[in-house]
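Peer 1: Sequence first, then the predicted structure:
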Amino acid sequence: MINTSKQIFLSLVTVIVLFTGRSVFTECPTWDELYMDDSLIELTISDPSMAGLRMWFVYVNPPVLGQCTLGHEPYNEVRESLLKDPSTQHLFWVGLEGDLLDLFRTERFYMIQGDQRLDVMRRLDLNLPTGLIQNGPSLSGEALLLFKGVIDFTEPVTIFYEGVMGSVPGEYWFSEKYVDSKH
(Lines give C-alpha, C1' and ligand atoms only; values in the text may rest on other atoms or scores of the structure.)
Protein backbone atom coordinates (compact mmCIF):
# COMPACT_ATOMS: atom_id res chain seq x y z
CA MET A 1 0.00 0.00 0.00
CA ILE A 2 2.77 2.45 0.92
CA ASN A 3 4.72 1.65 -2.27
CA THR A 4 1.62 2.28 -4.39
CA SER A 5 1.03 5.62 -2.65
CA LYS A 6 4.66 6.61 -3.22
CA GLN A 7 4.43 5.69 -6.90
CA ILE A 8 1.26 7.74 -7.37
CA PHE A 9 2.79 10.71 -5.54
CA LEU A 10 6.02 10.55 -7.58
CA SER A 11 4.04 10.27 -10.82
CA LEU A 12 1.98 13.35 -9.94
CA VAL A 13 5.08 15.36 -9.00
CA THR A 14 6.78 14.36 -12.28
CA VAL A 15 3.76 15.44 -14.34
CA ILE A 16 3.51 18.78 -12.50
CA VAL A 17 7.23 19.50 -12.95
CA LEU A 18 7.17 18.63 -16.66
CA PHE A 19 4.13 20.74 -17.43
CA THR A 20 5.13 23.77 -15.36
CA GLY A 21 8.52 23.81 -17.14
CA ARG A 22 6.74 23.93 -20.50
CA SER A 23 4.06 26.49 -19.88
CA VAL A 24 2.40 28.05 -22.89
CA PHE A 25 2.65 31.81 -23.17
CA THR A 26 -0.52 33.72 -24.07
CA GLU A 27 1.33 35.64 -26.81
CA CYS A 28 2.55 32.45 -28.47
CA PRO A 29 1.46 31.90 -32.05
CA THR A 30 -0.70 28.88 -32.82
CA TRP A 31 0.33 26.06 -35.13
CA ASP A 32 -1.81 27.54 -37.92
CA GLU A 33 -0.34 31.02 -37.47
CA LEU A 34 3.20 29.64 -37.66
CA TYR A 35 2.30 27.62 -40.75
CA MET A 36 0.67 30.62 -42.48
CA ASP A 37 3.78 32.81 -42.14
CA ASP A 38 6.17 29.96 -43.10
CA SER A 39 7.67 29.81 -39.59
CA LEU A 40 6.60 26.16 -39.48
CA ILE A 41 7.16 23.89 -42.47
CA GLU A 42 6.38 20.27 -43.20
CA LEU A 43 8.52 17.58 -44.80
CA THR A 44 6.70 14.33 -45.54
CA ILE A 45 8.76 11.24 -46.30
CA SER A 46 5.62 9.17 -46.75
CA ASP A 47 2.06 9.46 -45.46
CA PRO A 48 2.02 8.80 -41.69
CA SER A 49 -1.31 6.98 -42.03
CA MET A 50 0.51 4.48 -44.26
CA ALA A 51 3.36 3.73 -41.81
CA GLY A 52 5.26 6.82 -42.92
CA LEU A 53 6.85 9.85 -41.34
CA ARG A 54 5.96 13.54 -41.43
CA MET A 55 8.28 16.15 -39.91
CA TRP A 56 7.54 19.73 -38.88
CA PHE A 57 10.29 22.35 -38.45
CA VAL A 58 10.41 25.60 -36.45
CA TYR A 59 13.50 27.83 -36.14
CA VAL A 60 13.90 28.24 -32.38
CA ASN A 61 16.87 30.61 -32.04
CA PRO A 62 14.55 33.62 -31.55
CA PRO A 63 13.35 33.70 -27.91
CA VAL A 64 9.64 33.96 -28.81
CA LEU A 65 9.73 30.88 -31.02
CA GLY A 66 12.09 28.99 -28.73
CA GLN A 67 10.12 29.64 -25.55
CA CYS A 68 6.77 29.00 -27.21
CA THR A 69 7.99 25.74 -28.73
CA LEU A 70 10.12 24.31 -25.91
CA GLY A 71 8.91 26.20 -22.84
CA HIS A 72 10.74 29.00 -21.01
CA GLU A 73 13.15 27.02 -18.83
CA PRO A 74 14.03 24.27 -21.33
CA TYR A 75 14.65 26.90 -24.01
CA ASN A 76 16.99 28.88 -21.74
CA GLU A 77 18.92 25.71 -20.83
CA VAL A 78 19.27 24.69 -24.48
CA ARG A 79 20.27 28.21 -25.51
CA GLU A 80 22.99 28.34 -22.83
CA SER A 81 24.36 24.86 -23.51
CA LEU A 82 24.10 24.58 -27.32
CA LEU A 83 24.11 28.07 -28.83
CA LYS A 84 27.63 29.33 -28.21
CA ASP A 85 27.45 31.60 -31.28
CA PRO A 86 23.83 32.24 -32.40
CA SER A 87 25.07 34.08 -35.50
CA THR A 88 26.54 30.84 -36.91
CA GLN A 89 24.59 28.17 -35.00
CA HIS A 90 20.96 27.62 -35.93
CA LEU A 91 18.62 25.49 -33.89
CA PHE A 92 15.48 23.91 -35.36
CA TRP A 93 12.81 22.06 -33.42
CA VAL A 94 11.51 19.03 -35.29
CA GLY A 95 8.14 17.50 -34.47
CA LEU A 96 7.66 13.97 -35.77
CA GLU A 97 4.39 12.33 -36.74
CA GLY A 98 4.15 8.69 -37.83
CA ASP A 99 5.27 5.18 -37.02
CA LEU A 100 8.61 5.07 -38.83
CA LEU A 101 10.73 7.05 -36.37
CA ASP A 102 13.73 4.94 -37.38
CA LEU A 103 13.71 6.89 -40.69
CA PHE A 104 14.65 10.01 -38.70
CA ARG A 105 18.42 10.06 -39.14
CA THR A 106 20.42 13.20 -38.46
CA GLU A 107 23.06 12.51 -41.08
CA ARG A 108 20.41 12.72 -43.79
CA PHE A 109 19.55 16.40 -43.11
CA TYR A 110 21.20 19.48 -44.53
CA MET A 111 20.25 23.03 -45.53
CA ILE A 112 21.09 25.01 -48.64
CA GLN A 113 21.07 28.79 -49.01
CA GLY A 114 22.59 30.18 -52.18
CA ASP A 115 25.77 28.19 -52.79
CA GLN A 116 26.25 27.32 -49.12
CA ARG A 117 25.46 23.95 -47.55
CA LEU A 118 24.86 23.77 -43.79
CA ASP A 119 25.10 20.37 -42.15
CA VAL A 120 23.73 19.17 -38.83
CA MET A 121 26.31 19.60 -36.07
CA ARG A 122 24.28 18.04 -33.32
CA ARG A 123 20.95 16.36 -32.57
CA LEU A 124 19.17 16.34 -29.26
CA ASP A 125 16.14 14.09 -28.77
CA LEU A 126 13.52 15.59 -26.48
CA ASN A 127 11.78 13.45 -23.89
CA LEU A 128 9.29 16.16 -23.04
CA PRO A 129 5.54 16.08 -23.59
CA THR A 130 4.81 16.78 -27.23
CA GLY A 131 2.32 19.21 -28.71
CA LEU A 132 3.28 22.43 -26.90
CA ILE A 133 2.37 24.61 -29.89
CA GLN A 134 -1.39 25.16 -29.78
CA ASN A 135 -3.61 23.30 -32.28
CA GLY A 136 -0.84 21.06 -33.65
CA PRO A 137 -1.18 17.40 -34.61
CA SER A 138 -0.46 14.56 -32.21
CA LEU A 139 3.27 13.99 -32.43
CA SER A 140 5.26 10.77 -32.06
CA GLY A 141 8.48 12.51 -31.04
CA GLU A 142 10.48 15.72 -30.90
CA ALA A 143 14.12 16.61 -31.48
CA LEU A 144 16.39 19.61 -31.92
CA LEU A 145 18.78 19.90 -34.86
CA LEU A 146 21.72 22.30 -34.69
CA PHE A 147 23.05 23.53 -38.06
CA LYS A 148 26.28 25.50 -38.44
CA GLY A 149 26.91 28.33 -40.92
CA VAL A 150 26.05 31.95 -41.69
CA ILE A 151 22.46 32.57 -42.81
CA ASP A 152 20.98 35.55 -44.64
CA PHE A 153 17.63 35.94 -42.87
CA THR A 154 16.17 37.93 -45.76
CA GLU A 155 16.33 34.80 -47.94
CA PRO A 156 14.85 31.34 -47.36
CA VAL A 157 16.84 28.19 -46.66
CA THR A 158 15.88 24.88 -48.17
CA ILE A 159 15.94 22.02 -45.69
CA PHE A 160 16.60 18.65 -47.30
CA TYR A 161 16.12 15.12 -46.08
CA GLU A 162 18.00 12.56 -48.20
CA GLY A 163 15.82 9.48 -48.24
CA VAL A 164 16.39 6.15 -49.95
CA MET A 165 13.87 7.10 -52.64
CA GLY A 166 15.33 10.59 -53.18
CA SER A 167 15.58 13.96 -51.45
CA VAL A 168 12.61 15.68 -49.83
CA PRO A 169 13.00 19.50 -49.71
CA GLY A 170 11.14 22.15 -47.74
CA GLU A 171 11.62 25.90 -48.06
CA TYR A 172 11.86 27.78 -44.76
CA TRP A 173 11.35 31.55 -44.66
CA PHE A 174 12.47 33.54 -41.63
CA SER A 175 9.50 35.70 -40.66
CA GLU A 176 10.25 39.34 -39.84
CA LYS A 177 7.95 38.91 -36.82
CA TYR A 178 10.56 36.74 -35.12
CA VAL A 179 13.88 37.28 -36.87
CA ASP A 180 15.47 40.51 -38.01
CA SER A 181 18.23 40.60 -40.60
CA LYS A 182 20.81 41.33 -37.86
CA HIS A 183 19.81 38.32 -35.73
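Peer 2: All right, it came through fine.
Peer 1: Now do the buried residues in stretch 78-90.
Peer 2: Using 16 or more other CB atoms under 10 Å as the test for burial, stretch 78-90 gives 78-79, 83, 89-90. Any C-beta I mention is one placed from the backbone N, CA and C, and that applies to glycine too.
Peer 1: which residues of this protein fall in helices?
Peer 2: Taking DSSP state H, the helices of the chain run over residues 2-21, 31-36, 63-70, 72-82.
Peer 1: coming back round to it: just name the closest of the buried residues of stretch 78-90 to Ala143, please.
Peer 2: Val78 (11.7 Å; CB to CB).
Peer 1: is it true that that closest one touches Leu126?
Peer 2: No: applying CB atoms under 8 Å, one finds Val78 not in contact with Leu126, separated by 9.3 Å.
Peer 1: For Tyr178, grab phi and psi.
Peer 2: Phi and psi for Tyr178, reported as degrees, to the nearest 10, are phi -120, psi -30.
Peer 1: can you tell me how far the residue lying closest to it once chain neighbours are set aside sits from Leu34?
Peer 2: Leaving aside its sequence neighbours, Tyr178 sits nearest to Pro62 (CB to CB, 6 or more residues apart in numbering; 4.3 Å). Using CB to CB, to the nearest Å, Pro62 is found at 12 Å from Leu34.
Peer 1: these two touch, right, Gly95 and Leu144?
Peer 2: No: with contacts counted by CB under 8 Å, Gly95 stays clear of Leu144, the gap being 10.9 Å.
Peer 1: More neighbours: those two, which one.
Peer 2: Gly95 (26 against 20; other CB atoms under 10 Å).
Peer 1: partners of Leu126 in the sheet?
Peer 2: Applying DSSP bridges to Leu126 gives these bridge partners: Glu142.
Peer 1: Over to Gly170?
Peer 2: Counting by DSSP bridges, Gly170 is bridged to Ile159.
Peer 1: And Val120, by the same measure?
Peer 2: Here Val120, judged by DSSP bridges, has bridge partners Phe147.
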